[in-house]
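A.B. asks: based on what follows, work out the 3D shape:
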Amino acid sequence: MPLPSKKQQQLKKKFDEIEKFIEGIKKHFSKKVKKVEGKLSSDALTFVKHVQQIYEDKTITPIQEEQKLKELANNASPLLKKELKSHDICSQLF
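C.D. replies: Model (predicted):
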C-alpha cells in the first residue's frame with residue numbers, strides 16, 4: 001500500500017481539525033443544556049432532543065445537518081423560540 005501523499009496528509013489533518021471543532025461545539029451545547037434543563041418546558045426539551053439527534057446523526061452531511069436544523073427552527077413556535085433564546089440555547093438558529 002503506497003504512503004499517502006503530502007496533499008492527502010494535509011487534507012486529513014484539516015478534516016481532523018474540523019471534526020474536533022464540531023465535537024467541541026456539541027460538548028458546549030450539551031453542557032449549556034444540562035445547566036438549564038430543569039428550567040425548560042417539555043416543548044423546549046423536545047426541541048433540544050431533536051437538535052442533539054441531528055448533531056449525532058453520522059449519516060448526513062454538514063449541509064444536510066444545517067438544513068434539518070433550519071427546518072426545525074422554522075417550525076418552532078414564537079413562544080418556544082423566546083424561551084430558548086432566554087436561556088441562550090440554539091439562539092443562533094433563530
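
A.B. asks: okay, now residue 15: neighbour count?
C.D. replies: Number of residues near residue 15 (other CB atoms under 10 Å) recorded here: 10. Backbone N, C-alpha and C define where each C-beta goes, glycine included.

A.B. asks: try residue 64
C.D. replies: Neighbour number of residue 64 under other CB under 10 Å is 12.

A.B. asks: what does the one 4 residues further on give?
C.D. replies: Residue crowding around residue 68 was assessed by other CB under 10 Å; the count is 17.

A.B. asks: that one and residue 59 touch, don't they?
C.D. replies: No: distance between residue 68 and residue 59: 11.5 Å, which falls outside the contact criterion (CB atoms under 8 Å).

A.B. asks: what residues are shared contacts of the two?
C.D. replies: Here residue 68 and residue 59 share no contacting residue, scored by CB atoms under 8 Å, 6 or more residues apart in numbering.
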